[in-house]
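Engineer: I would like to see how this sequence folds:
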Amino acid sequence: MTNNETIVALATPNGTGAIGIIRLSGPDAITIAASVFKGKDLTKQPSHTIHFGSIVDGDIILDEVLVSLFIAPRSYTRENVVEISCHGSAYIIESIIKLLIKKGARSAKAGEFTLRAFLNGQLDLSQAEAVADLIASNSKASQQVALQQLRGGFSSQLQSLRDQLVQFASLIELELDFAEEDVEFANRDQLKKLILQINRVIRSLISSFELGNAIKLGVNTVIAGRPNAGKSTLLNALLNEERAIVSHIPGTTRDTIEEVLNINGINFRLIDTAGIREATDAIEQIGVARTMEKINQSAVLVYLFDASQITAEELKSDLESLQKPGITMLAVANKIDLLTTQTNPLPDFRTSGLSDFLPISAKEKLHIDDLKQQIYSAAIKDKLTGDETLVTNIRHLEALQKTEEALARVLDGMDTITSDFLSMDIKQALHYLGEITGAVTTDDLLENIFSKFCIGK
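Structural biologist: Below is the predicted model of the structure:
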C-alpha cells in the first residue's frame with residue numbers, strides 16, 4: 001500500500017443538498033486544488049485557513065466555493081488535505097471531482113482516508129474502526145462508546161498490557177541466549193502475577209461485549225404472551241403511536257412487527273409477536289414459530305398477560321415454557337383498568353410462582369413509563385457508568401479470547417516447559433493483542449476492515 005497518490009471523494013452524503021464537501025488528500029492535494037482555484041494562491045497559504053474563490057475549468061466557472069487547507073502533518077490523514085465546500089448540486093459536485101481527477105487525483109476507495117490516517121500513525125486500528133462506529137451511531141450511548149474508543153481509551157489500556165508483556169518476553173528471550181548457563185532473568189513469580197493481572201482485565205473486557213454489542217446494535221426486546229393479551233396495544237403505547245393493528249379478535253398479529261424505542265439514550269428493538277397458543281391454521285402456526293424464534297434471540301422478554309382472564313395455573317405454565325438461560329424476563333399484568341372494583345380485584349398470582357410483576361393498562365397507558373424504566377434496568381442496570389471501556393467489535397472479542405487462551409498456556413506451562421516454549425506462548429498473546437490495535441496487520445485484514453467504510457471517510 002502506497003500513499004504517493006492524491007485521492008479525492010465526496011465527504012458528504014450523495015444527493016442534492018445545500019452544501020457538498022469534496023475532500024482531497026495526498027502529496028499533490030494543494031497543488032491540484034490550486035490549479036483549478038481562482039482566488040488566493042493556495043500553495044502560499046498557511047495551514048488551517050479558509051479561502052473564498054471559484055473553481056474554474058479553463059474559462060468556465062463551475063462554482064463559488066470555500067477551500068479549507070490542512071498542511072501535513074496537521075491533518076486527519078497526516079498528509080496535505082484540501083476540503084472544497086461547494087453548492088450541493090449533484091452536477092456541480094460531479095463536475096468538480098471530474099476536473100480534479102483530470103488534474104492528477106484519483107477516486108478514493110471506501111475508507112481510504114481513514115486507512116491513510118492509520119498507516120500514517122494518526123490512529124491505531126481500533127480507533128479507526130471507532131470512526132465507522134461513530135458515523136453509524138444512532139443513540140447517545142452508542143455515540144459515547146464509539147467516541148471513548150476513538151479517543152484511545154481502549155487502545156491505551158491494551159498498550160499498557162502489551163508493554164508489560166513485551167518486557168517479560170525480552171527477558172525470556174535473553175535467557176535463551178544463556179541457555180547453557182541455566183540462568184533466569186525473568187522472575188517466574190512476577191510473571192505469574194502479571195499474567196493473572198492481565199487476565200483479570202481481559203476477562204472484564206470480554207464480559208463487556210454483551211453490553212457493548214447491545215448498545216451498538218440495540219437491545220432485542222420481545223413482547224410475547226397469549227392471544228388478545230394486548231401485545232400490539234402495548235407496542236403502540238410504548239412508541240406513543242398507532243404502529244400495530246389492534247383488534248379484540250384473538251390472533252390478529254400473524255407476523256412479527258419491529259420498531260426502535262430509545263430509553264435513556266439506549267435503543268431497544270421492540271418486537272411485537274404473534275400470540276402463543278395452539279395454532280388454528282398454517283399461517284398462524286408460522287407466526288407462533290417465529291415468535292418462539294424471536295424469544296430465543298432476545299435479551300429482554302416482556303411477558304404480557306391479561307390479568308382479568310388468566311388463571312394462576314395458566315400463568316405458571318407460560319412462565320415455565322418461556323424461561324430461557326441468558327434472557328431477562330419481565331412479567332407484566334395488563335388490563336388492570338378492568339380490575340378496579342372491589343368485586344373484581346387484581347388476582348393473587350403467587351401460587352403460580354410469580355412473586356413480582358408490573359400491573360399496567362396498555363389501553364389507558366397506565367404505568368407505561370414505569371415499564372420503560374424496568375426494560376432499561378433489565379438490559380443495562382448499573383453496568384453503564386460512562387467512563388468504562390466496552391468491547392463492541394466481534395474482531396476485538398475474538399482477539400481477546402485468543403489472548404486469554406495463550407496466557408492460560410503460559411500459566412499452565414510456567415513450571416514445566418522450557419523458556420523457548422514459554423516465549424512462543426507469550427509471543428502468541430502479544431500477536432493477538434497487537435491485532436486489535438494494528439501493531440500486527442495484514443493487507444487482507446486492512447482491506448476487510450476499511451472496505452466497510454463509506455467512500456469519503
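
Engineer: So which elements touch the lengthiest helix in the chain?
Structural biologist: Ordering each helix of the chain by length in residues (DSSP state H) puts helix 153-177 first. With contacts taken as 3 or more C-beta pairs under 8 Å, 6 or more residues apart in numbering; DSSP states H and E, helix 153-177 sits against helix 125-136, helix 188-207, helix 419-437. Every C-beta, even on glycine, is put in place using the N, C-alpha and C of the backbone.

Engineer: Which one of these lies nearest to residue 165?
Structural biologist: helix 419-437 (5.6 Å; C-beta to C-beta).

Engineer: Run through who's touching that closest one.
Structural biologist: For helix 419-437, contacts defined as C-beta atoms under 8 Å, 6 or more residues apart in numbering pick out 124-126, 155, 158-159, 161-162, 165-166, 168-169, 172-173, 175-176, 179, 186, 395-396, 399-400, 402-403, 406-407, 409-410, 413-414, 439-441, 445.

Engineer: quick one: which of the helices and strands packed on helix 153-177 is nearest residue 235?
Structural biologist: Per C-beta to C-beta, nearest to residue 235 of these: helix 125-136, 25.5 Å.

Engineer: Which elements pack onto the closest one?
Structural biologist: helix 112-119, helix 140-150, helix 153-177, helix 419-437, helix 443-450.

Engineer: in which helix or strand would I find the nearest residue to residue 263 once chain neighbours are set aside?
Structural biologist: Of all residues not flanking residue 263 in the chain, residue 376 sits nearest, at 4.6 Å (C-beta to C-beta, 6 or more residues apart in numbering). According to DSSP states H and E, residue 376 maps onto helix 368-379.

Engineer: Which other helices and strands does that helix contact?
Structural biologist: strand 219-225, helix 231-239, strand 257-263, strand 266-272, strand 300-306, strand 328-334, strand 358-359.

Engineer: Please identify the deepest-packed of the ones you listed.
Structural biologist: strand 219-225 (a mean of 25; mean count of other C-beta atoms under 10 Å).

Engineer: Kindly reformat the helices and strands packed on helix 368-379 as CSV containing mean pLDDT.
Structural biologist: Formatted as CSV, those follow (pLDDT from 0 to 100):
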stretch, mean pLDDT
strand 219-225, 91
helix 231-239, 90
strand 257-263, 89
strand 266-272, 90
strand 300-306, 91
strand 328-334, 90
strand 358-359, 89
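
Engineer: Generate JSON lines for those, with distance to residue 37 as supplementary columns.
Structural biologist: JSON lines is the format used below for the helices and strands packed on helix 368-379 (distance: least, C-beta to C-beta, whole Å):
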{"stretch": "strand 219-225", "distance to residue 37": "49"}
{"stretch": "helix 231-239", "distance to residue 37": "50"}
{"stretch": "strand 257-263", "distance to residue 37": "44"}
{"stretch": "strand 266-272", "distance to residue 37": "43"}
{"stretch": "strand 300-306", "distance to residue 37": "56"}
{"stretch": "strand 328-334", "distance to residue 37": "59"}
{"stretch": "strand 358-359", "distance to residue 37": "64"}
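
Engineer: how about those, which one is nearest residue 193?
Structural biologist: So among these, strand 328-334 is nearest, using C-beta to C-beta, at 36.7 Å.

Engineer: Partner strands of the closest one, with direction?
Structural biologist: strand 300-306 (parallel), strand 358-359 (parallel) (DSSP bridges).

Engineer: Could you list the low-confidence segments of the protein?
Structural biologist: The chain contains residues with pLDDT under 70 at 1-2, 173-187, 243-255, 277-285, 287, 340-355, 382-388, 417-419.

Engineer: care to break it down by domain?
Structural biologist: The record's domain parsing of the chain by automatic domain parsing lists 7-123, 128-208+391-438, 218-379.

Engineer: would CSV of the ones you listed with distance to residue 454 be doable?
Structural biologist: Putting these into CSV (distance: least, C-beta to C-beta, whole Å) gives the following:
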stretch, distance to residue 454
domain 7-123, 7
domain 128-208+391-438, 7
domain 218-379, 21
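
Engineer: now for those, which one comes closest to residue 455?
Structural biologist: With C-beta to C-beta, the closest approach to residue 455 among the domains of the chain belongs to domain 7-123: 5.0 Å.

Engineer: Do me a favour and get the end-to-end distance for the closest one?
Structural biologist: In domain 7-123, first residue to last residue: 19 Å (C-alpha to C-alpha, to the nearest Å).

Engineer: Thank you kindly, that will do.
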